[in-house]
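**Q** model this:
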Amino acid sequence: MSITRKIRRALRGRVGARAALLEAGRRSLLALRRRGERAASGGVPSGEGALTPARLRAEFARMGGAELLEHFRTRTSPRFFAGFEEAETEDGREYLASKAAGLQEEGRAVAAHRWPLLGYGVREFGARVDWLREPVSGVSWPLDYHADVALVRGDGSDVRVLWELNRLGQLLTLGRAYAAGGGEELAEEFFAQVESWCAQNPPGYGPNWACAMEVALRATNLLAAFRLLRRSHALDEARLARLLALFDAHGRHIRRNLEYSYIATGNHYLSDVVGLLWLGLCLPELAAAAGWREFALAELGRELDRQVLDDGADWESSTGYHRFVAELLLYSYVLCRANGVELAEGRVRRLRSMLEYLRAYLRPDGRAPLVGDTDGGRLLPLGRRGADEHAYLLAVGAALFRELRFKVSEEPPEEVFWLLGAEGLRAYEGLRVADAPAPASESFAQAGVCVLRAGDLYLLLNASGAGLGGRGAHGHNDGLSLEVSARGVSFIADPGTYVYTSDLSARQAFRSTAYHSTVEVDGAEQNTTHEATPFYIGDEARPRLLGLTSEAGRDSAAAEHHGYERLPSGPVTHRRSVTLDRQRGYWLVRDSLTGSGEHDFRFVFHAAPGREVRVLGRRGEGSPRGSAVEIVDGETGARLVVASLEGTGGVRVEPRWASKDYGAKAETSAAVWARRAAAPLEAGWLLLPLGAGEDAATRLESVLRLESELGPVGAGAGPSGG
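**A** Numbering: from 1, shown residues only. Okay, here's the model as predicted:
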């Protein structure tokens, strides 16, 4: 694709003329520099595994190999995370002894070249790990110059899966297992895998150097594992020299290939910055370290201000990427603080606001709704986490900031020890969950998210948009969609992501309007998407929250989007209002579809995986009341009744898919009401949670009688627009 076409595509969203000109210049200069690099190398690596010796500061370059090795074994500064520093102390040994069996088992599995990979489960990597072979499709990647590597190949491969393998998170598993008494064979395996990786991945060539973010995340995992293994007998002068050369190559590659854009920066550029920051802080022996550190510190603050909205949400319209960015920023803050580097107070408040937002969107079961893209990405995989596990970050925040509201369980997750050490564990244990206030309904206008909740009742109204100021890559066509849980069960849920490039039709389906619990009009997408461009999404919908009000035992919210105003059959604006009756335990939803023309309207409620959708049939034959379904959890018997309150047509149960972890999917269903009608059109819905023994018909009639006394059923829910 030409630079002109790339710029034209990049200019979607809200982009100023100056930014567009600067970006065009940046890309042109980058293309020229890469052309020169290609020519200088002849387009082929100088030799497999070729590593230039690390460029050290003068005082370290003068050291002999044995002296340098002793320096790294015994140095006490700079510091890493507290738990890594304390692994050999009495407190650390006591904690690790309680985790030893599980950690050592995981370490032995990695030593046998067997470990889990994203949602694909445990994979066997063979006697010799092939770092250039994508382990799910079996497709191998060439050692082309990094900027020439085709990332979307159309052959069933997925570079995201290959990159997960090459982030080398399993080496951190070896390090943690070694710290828990796993033995020198684990250290030997660490160095063997590093040497194998270096032999197959010469710097600057192949898919594992094609994205600076991946280089940065690999560097952070290597740094963490090296900190735990630096005193092992397996580390000798030659291996230290190779590691230092590898770290130096990683830092220099990141600095030359920053994923910066004058138009918008996202998690990729922030990862680049974090990688340089950690290398600069943790390896001051490298000649370039001071420059990396100073550059990264300045950029970290700027990106925190740019990428975190005022209400605490990451600006990419994705809870999965919110978790990832929160890790990048929170962990970097802890590392900086350990080394006497402080962030400005306003930026620390902004970082805390990310945890406030995370706390608000967590369901009562402690899991996260998978809004937007979710690829399971982590900065430091300190234990295996599903894509919807976000609460461990709250636990770190609870211990770090001594914040009771962030403590959601009594047992501290492993991350608290590794990041904050024994002091962090004591701080966490000193907070009493029983004293924490219950979460209440909250609205985040900039994020475009409102949560209506009381007790175990939880509904998320999503109006988060495309992300990245309108030119997002990780948002979905999910404007005004709902997530609903009650009775300890998730009933209505976002479908997740599944995959990126290995199956483009599935990628298109999972981010489509039809896969979300919202209203589809004329089969159109809310925002323009194309199957051939899996990270392109338009900005036509521009959803926004209209407000949240609380009065007389009820919370009401409203939102609207404009994605259907471009329809050839006549423009339509969708407004959705939701009211939670906190005392009686149900929600009323009203969809207002204003505009002109005749349209095919489809009202979709996407069931969470593992739930059965049953049609209950029409109620009150001859009345204007519509039909209903119940979404049932077979394990507990709990149900959610979704009842149409007006004549919106018959309901059908349609097959769908859902994905909790990248690469895994499960069959599920959606309840769909379809009607051809002229705009404007009004439709109302009752969402009624029921326990295993409750009678649906009796409860429905009771609620409907109450609502009839209060006024037209479902009418007027939510604040007025503004």
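**Q** return the helix or strand in this protein with minimum mean pLDDT.
**A** The weakest-scoring helix or strand in the chain, judged by mean pLDDT, DSSP states H and E, is helix 3-10 (a mean of 50).
**Q** double-check that L460 belongs to a strand.
**A** Yes. Per DSSP: H, G, I helix; E, B strand; the rest coil, L460 lies within a strand segment.
**Q** ok, which stretches of the stretch 101-250 of the chain are strands?
**A** 114-116, 122-124 (DSSP state E, counting those that start in this stretch).
**Q** tell me which of those strands is the most buried.
**A** The highest mean neighbour count among the strands of the stretch 101-250 of the chain, using mean count of other CB atoms under 10 Å, belongs to strand 114-116: a mean of 16. C-beta here means a position set from N, CA and C on the backbone, and glycine is covered the same way.
**Q** adjacent strands (with direction) for that strand?
**A** Sheet partners assigned to strand 114-116 using DSSP bridges are listed as strand 122-124 (antiparallel).
**Q** what are the contacting residues of the strand it pairs with?
**A** By CB atoms under 8 Å, 6 or more residues apart in numbering, the surrounding residues in contact with strand 122-124 are A109, H113, R114, W115, P116, L117, P135, V136.
**Q** ramachandran angles for the last one?
**A** What that stands for is V136. When read as degrees, to the nearest 10, the backbone of V136 gives phi -90, psi -50.
**Q** picking up where we left off before, any chance of the strands of the stretch 101-250 of the chain in CSV, plus mean pLDDT?
**A** Listed next are the strands of the stretch 101-250 of the chain as CSV, based on pLDDT from 0 to 100:
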stretch, mean pLDDT
strand 114-116, 98
strand 122-124, 97
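**Q** I figured L229 hits Y178, correct?
**A** Yes. The pair L229 / Y178 is scored as a contact, 5.9 Å apart, by CB atoms under 8 Å.
**Q** who has more neighbours out of the two?
**A** Y178 (26 against 23; other CB atoms under 10 Å).
**Q** buried ones in stretch 449-468?
**A** 449-454, 456-468 (16 or more other CB atoms under 10 Å).
**Q** what's the closest residue to F535 other than its chain neighbours in contact with, if anything?
**A** Nearest non-adjacent residue to F535, counting by CB to CB, 6 or more residues apart in numbering: A473, 4.0 Å away. By CB under 8 Å, 6+ apart, the contact set of A473 is G266, E316, D373, G467, F535, Y536, I537.
**Q** any quick PyMOL command for the buried ones out of the residues you listed?
**A** Listed next is the PyMOL selection for buried residues among these, using 16+ other CB under 10 Å:
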select buried, resi 266+316+373+467+536+537
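**Q** hang on, the earlier thing: and the helix or strand just after the least confident helix or strand of the chain, what other elements does it pack with?
**A** Note on helix 3-10: by DSSP states H and E, the next helix or strand toward the C-terminus is helix 17-41. Judged by 3 or more CB pairs under 8 Å, 6 or more residues apart in numbering; DSSP states H and E, helix 17-41 is in contact with helix 3-10.
**Q** isn't G366 right next to K407, touching?
**A** No. When contacts are counted by CB under 8 Å, G366 is not listed as touching K407 (11.6 Å).
**Q** who has more neighbours out of these two?
**A** Using other CB under 10 Å as the criterion, G366 and K407 rank with K407 on top: 23 against 14.
**Q** who touches that one in this structure?
**A** Contacts of K407 (CB under 8 Å, 6+ apart): L394, A395, A398, Y428, L431, V433, A436.
**Q** tell me the contacts of G465?
**A** G465 sits in contact with S317, G448, G472, G475, G479, D539, A541, R542, P543, R544, where contact means CB under 8 Å, 6+ apart.
**Q** roughly how far does the closest residue to the last one other than its chain neighbours sit from R57?
**A** This points to R544. The shortest distance from R544 to any non-neighbouring residue, by CB to CB, 6+ apart, is to A463 (5.9 Å). Going from A463 to R57 by CB to CB, to the nearest Å gives 52 Å.
**Q** if we can go back for a sec, which of the buried residues of stretch 449-468 fall in strands?
**A** V449, C450, V451, L452, R453, A454, L457, Y458, L459, L460, L461, N462 (DSSP state E).
**Q** including pLDDT and distance to A241, could those residues go into JSON lines?
**A** Formatted as JSON lines, these follow (pLDDT from 0 to 100; distance: CB to CB, whole Å):
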{"residue": "V449", "pLDDT": "98", "distance to A241": "50"}
{"residue": "C450", "pLDDT": "98", "distance to A241": "56"}
{"residue": "V451", "pLDDT": "98", "distance to A241": "53"}
{"residue": "L452", "pLDDT": "98", "distance to A241": "59"}
{"residue": "R453", "pLDDT": "98", "distance to A241": "56"}
{"residue": "A454", "pLDDT": "97", "distance to A241": "61"}
{"residue": "L457", "pLDDT": "98", "distance to A241": "60"}
{"residue": "Y458", "pLDDT": "98", "distance to A241": "54"}
{"residue": "L459", "pLDDT": "98", "distance to A241": "58"}
{"residue": "L460", "pLDDT": "98", "distance to A241": "52"}
{"residue": "L461", "pLDDT": "98", "distance to A241": "57"}
{"residue": "N462", "pLDDT": "98", "distance to A241": "52"}
